[in-house]
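Q: I would like to see how this sequence folds:
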Amino acid sequence: MKLVEQYIFLRALKVSATTLAIAVAIVWTTQVLSRINLVTDNGQTAVTFLTLATLLLPTVIPVVAPFAVIIGATQTLSAMNQDSELSVIAASGAGRMTIVRPIMLLAVLTALFALFVDVALEPSARQRVRMILSTSHADLLSTVIQEGTFRRIEDGLYVQVSDRLPDGRLGGIVVADSRQENIDLLFYAKDGDIQEVDGGQVLLMRDGEVHRKAPGGDVSVIRFVSYAFDLSGFASRSGEVYLSAKDRSLAYLLDPPPDDRIMQQSPRRYTAEIHRIFSEWLYPIVFGLFAIAAAGDVRSHREARIHPMITAIACGLVARWQGYYLTENIEDSAAYVPWVYASIAGNMMFALFFIMTGRAMTPPAGWLAAITNAFATLTGRRTDRFGDVRAGAAQGRS
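A: Here you go, the predicted model:
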């Protein structure tokens, strides 16, 4: 690799890595916050939160990696054009491949990294997340018991918790049980928590009393030091983990066992996931070609055109939408499979056309002029309208 190619590669790599880190942090934060209620209620807040947050990272990287490439490449090439560096490279007699090689090397390395994450890291990370959520008490505490509100567990059974204490205990517990005909039970407890008893989950209440209303209307009150209320029938079964197609490894997807439930009910889910893995890693390469086609040419600063980054990202969004749409529809029909790869090949050829012919991948000047004129006309009409109103008001005052 020539010295100038190393310069372009390292410069684009720095911008892409920074963009990838920021994008991953933003998407990762939204994913973590969507699960924070399931994590902070189980008594192991810090450990579980950090573990879950770390395991979510592999699910984010393959999605944002192509956009990191396209932003890093277009930003680097646009800055070099503004600093006349591209002009110097062209004047020195260097071919267009001097710009193409470092950007495509960055795109290919990013594609291989995304493929590694998709195949080796993401399935195991997703399975660990499923196991954490299924083995913790989060499901019970979040869906059955909520702070400050009465929750209907089933007909005739309601539970309310006033406070969640810092150590994981529950404060101010009220349980209303009228499932037995003509008998109403009302439990009050100062505090309590969820515990495992004989493989089941129970609500262990402490320092409280039971109000029992008999058919005749008489009410008896019984105080208790501790009372165990069985809720295991209403919580998710411990150890039962449901794995979707996205949670499976590539080896499992290629050769699932005959008794697999998804394979028996909707086998195309596995087919769609296989082709998602095989196609998703190619998008950094497609986006790299878009970046070169949009920003890899020498252009005058006085030339009116849309910023290359906007053009490249717009093309990338269209290409990515095509991929999502076609991949999701494989679950309905296997006829969409060849179109997934045809879409990727078509977008590559579209970008290569501009690269090989030396044309700028930007909307035609006529389009820009039409948009500018339409905006100017609209602005002028509004200005004239407001001017007429102001003139009329001035005449009225005079």
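
Q: the domain parsing of this structure - what is it?
A: The chain breaks down into these domains under automatic domain parsing: 3-136+242-365, 145-230.

Q: where do the strands sit along the stretch 151-300 of the chain?
A: For the stretch 151-300 of the chain, applying DSSP state E, counting those that start in this stretch gives strands covering 151-154, 157-164, 170-177, 184-197, 200-213, 219-230.

Q: For residue 88, which of the ones you listed is the nearest?
A: Taking CB to CB, strand 157-164 is the member of the strands of the stretch 151-300 of the chain nearest to residue 88, at 64.4 Å. Every C-beta, even on glycine, is put in place using the N, C-alpha and C of the backbone.

Q: Now that closest one: average pLDDT?
A: Averaging pLDDT along strand 157-164 gives 82.

Q: Strand 170-177 and that one, what's the angle between them?
A: Interaxial angle, strand 157-164 versus strand 170-177 (axes from the mean of the first three to the mean of the last three CA atoms, to 10 degrees): 170 degrees.

Q: still on that earlier bit, weakest of the strands of the stretch 151-300 of the chain in terms of mean pLDDT?
A: Among the strands of the stretch 151-300 of the chain, strand 151-154 scores lowest, with a mean of 71.

Q: Distance from the chain centre to it, please.
A: Mean-position distance between strand 151-154 and its chain equals 32 Å (CA atoms, centre = their mean, to the nearest Å).

Q: Same question for stretch 154-170.
A: Using CA atoms, centre = their mean, the offset of stretch 154-170 from its chain centre is 32 Å.

Q: again, but for stretch 184-194
A: 40 Å.

Q: Please point out which parts of that stretch sit buried.
A: By 16 or more other CB atoms under 10 Å, the buried positions in stretch 184-194 come out as 184-189, 191-194.

Q: Which strands and helices lie in contact with the one helix or strand residue 9 maps to?
A: Following DSSP states H and E, one finds residue 9 within helix 3-34. Secondary-structure packing of helix 3-34 (3 or more CB pairs under 8 Å, 6 or more residues apart in numbering; DSSP states H and E): helix 45-82, helix 97-116.

Q: Turn these into TSV, columns for distance to residue 318 and mean pLDDT.
A: Formatted as TSV, those follow (distance: least, CB to CB, whole Å; pLDDT from 0 to 100):
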stretch	distance to residue 318	mean pLDDT
helix 45-82	12	87
helix 97-116	18	95
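
Q: will you turn the ones you listed into JSON lines that also has distance to residue 374?
A: Formatted as JSON lines, the helices and strands packed on helix 3-34 follow (distance: least, CB to CB, whole Å):
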{"stretch": "helix 45-82", "distance to residue 374": "27"}
{"stretch": "helix 97-116", "distance to residue 374": "35"}
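
Q: Closest to residue 173 out of the buried residues of stretch 184-194?
A: residue 189 (4.2 Å).

Q: so how many other residues sit close to residue 107?
A: Neighbours of residue 107 under the rule other CB atoms under 10 Å: 29.

Q: Quick one: residues contacting residue 73.
A: 12, 16, 103, 106-107, 287-288, 291-292, 295, 312 (CB atoms under 8 Å, 6 or more residues apart in numbering).

Q: State the distance from it to residue 352.
A: 15 Å (CB to CB, to the nearest Å).

Q: rewinding a little: just give me the closest of the contacts of residue 73 to residue 333.
A: residue 287 (27.7 Å).

Q: Next one: residue 83 from residue 89, what distance?
A: In terms of CB to CB, residue 83 sits 11 Å off from residue 89.

Q: Which one's more surrounded, those two?
A: Remark: of residue 83 and residue 89, residue 89 carries more neighbours, 20 against 10, as counted by other CB under 10 Å.

Q: Please save the CA atoms from stretch 86-106 in CSV.
A: Output of stretch 86-106 as CSV, limited to C-alpha atoms (Å, rounded to 0.1, in the frame of the first residue of the first chain):
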residue,chain,number,x,y,z
LEU,A,86,-7.7,15.1,-3.9
SER,A,87,-6.7,17.7,-6.5
VAL,A,88,-3.0,17.2,-5.6
ILE,A,89,-3.4,13.4,-5.8
ALA,A,90,-5.1,13.7,-9.2
ALA,A,91,-2.5,16.2,-10.5
SER,A,92,0.4,13.9,-9.5
GLY,A,93,-0.8,11.3,-12.0
ALA,A,94,-2.2,8.8,-9.4
GLY,A,95,-5.1,6.8,-10.7
ARG,A,96,-8.5,6.6,-9.2
MET,A,97,-7.6,3.3,-7.5
THR,A,98,-5.4,5.3,-5.1
ILE,A,99,-8.6,6.4,-3.5
VAL,A,100,-10.6,3.3,-4.1
ARG,A,101,-8.2,0.8,-2.5
PRO,A,102,-7.9,2.2,1.0
ILE,A,103,-11.7,2.8,1.3
MET,A,104,-12.5,-0.6,0.1
LEU,A,105,-9.9,-2.2,2.4
LEU,A,106,-11.7,-0.4,5.3
